[in-house]
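A.B. asks: Sequence first, predicted coordinates after that:
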Amino acid sequence: MKIAIVDLGSNTIRLSVYHTLPDGRFELLFSEKEMAGLVSYVRGGRLSPEGIQRACTGIRDFQGLLRQFDMGAPHVFATASLRNIRNTEEAVAQIREATGVEVDVISGELEARLGYYGARTATDLQDGAMFDIGGGSAEVLEVRAGEVKKAQSLPIGSLELFNRCVDGLWPKKKELERIRSAVAAALKEARLPAHRAERVCGVGGTARAALKIANDWYEKPAGNRILTPAEVRRLTRLLLERDHQARKLILRSCPDRVHTILPGIVLMDALTEALCGGELFTRQDDAEATITNRMKVYYKNTHPLIEYYRKKGKLIDVNSAQPPQAVFEEIKERIAEL
């Protein structure tokens, strides 16, 4: 049986389709995301009509995609994107009316616990801590003997920090200080573990992007998943220089997070310092076996997606074999032509 799940996040709207295995486990068939930035549509604590419409558009896009695979309605849930606003019920009702789906708005603690249960399928974390930095919130939990002992959600995230503290694309010196102050204030109010853990798992887009940049900068193997707190701190200082070298690294590794990686890395550095006394690692998403399986999934499931978006006129082809800056310039030119 196939199951489709849509995650209405603060930064991205993500569709994941899973196949249930006979032993009860799940196999990811494919995942697709749209950079929606819903937290950017929040005004005075309320999600604007434009933001609600953006959420509806993302859901309808994925509904159309699922119809191409003869699949039924997806299960849709929302995290901080709808949880941390004043008009949650209004937004859920309008989405239901426009798309026909019921959005399940989950609590911050449940989000943290589900994040660990999901990460546990790809990690061996039995004792330690985990953090998940999203666009609008950050989840933190403590794990002992494979059981979650403490779980909490902090109302602070990479895109939320960007919108709150930054006016342009790259934060200026005073804006970086505002980001640091906001992070320090949030962690001061948090109920963090009293002792640092030897092993900490970092989950979410910021952690994945930071690891890619770190592997590039430190010349580590592409499949490396481990960083020390000292390496995270040095990487943070490097990126916060905001010079040509830092920008080149970001554009080469995570161009879709060019505006959120700096606020995100400040938060990640602070959480690593507070939680980690040994090693920080990410999910095993790039192991050889995983890559081999994903190649099979690509030809079975992803290739049809490409054709689907090509027929709808929503696919832009860019030559990624060029230098990073040339790729970036071509993307800007192609977008300007739309």
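C.D. replies: Structure's in. What do you need? Owing to the predicted nature of the structure, the values given are computational and were not obtained by experimental measurement.

A.B. asks: quick one: buried residues of stretch 139-158?
C.D. replies: The neighbour-count check on stretch 139-158 (16 or more other Cβ atoms under 10 Å) flags 139-143, 148, 151-154, 156-158 as buried. All C-beta spots, glycine's among them, are computed from the backbone N, C-alpha and C.

A.B. asks: top helix in the protein by residue count?
C.D. replies: helix 49-68 (DSSP state H).

A.B. asks: Mind checking which of the buried residues of stretch 139-158 are in strands?
C.D. replies: Secondary structure assignment by DSSP state E places Glu139, Val140, Leu141, Glu142, Val143, Val148, Ala151, Gln152, Ser153, Leu154 of those in strands.

A.B. asks: Would you map the helices across the stretch 201-338 of the chain?
C.D. replies: 205-217, 229-240, 244-253, 261-275, 288-297, 303-311, 324-336 (DSSP state H, counting those that start in this stretch).

A.B. asks: And those helices: which comes nearest Asn84?
C.D. replies: Smallest distance to Asn84 across the helices of the stretch 201-338 of the chain (Cβ to Cβ): 15.9 Å, for helix 261-275.

A.B. asks: Would you mark the buried spots in stretch 103-117?
C.D. replies: In stretch 103-117, counting by 16+ other Cβ under 10 Å, buried: Val103, Val105, Ile106, Gly108, Glu111, Ala112, Arg113, Leu114, Gly115, Tyr116.

A.B. asks: wait, which of the buried residues of stretch 139-158 is closest to Ala129?
C.D. replies: Glu142 (5.3 Å).

A.B. asks: so what pLDDT did the closest one get?
C.D. replies: You'll see Glu142 listed with a pLDDT of 93.

A.B. asks: Just list the residues touching the nearest residue to it once chain neighbours are set aside, thanks.
C.D. replies: Distance criterion Cβ to Cβ, 6 or more residues apart in numbering; nearest residue to Glu142, sequence neighbours excluded, is Lys150 at 4.4 Å. The contact partners of Lys150, by Cβ atoms under 8 Å, 6 or more residues apart in numbering, come to Leu141, Glu142, Arg191, Pro193.

A.B. asks: How much space separates Lys150 from Glu50?
C.D. replies: 37 Å (Cβ to Cβ, to the nearest Å).

A.B. asks: what do you get for Met1?
C.D. replies: Going from Met1 to Glu50 by Cβ to Cβ gives 37 Å.

A.B. asks: Ok, Leu66 next?
C.D. replies: Going from Leu66 to Glu50 by Cβ to Cβ gives 25 Å.

A.B. asks: So which of those two has more stuff around it?
C.D. replies: Taking other Cβ atoms under 10 Å, Leu66 and Glu50 do not tie; Leu66 has more neighbours (18 against 11).
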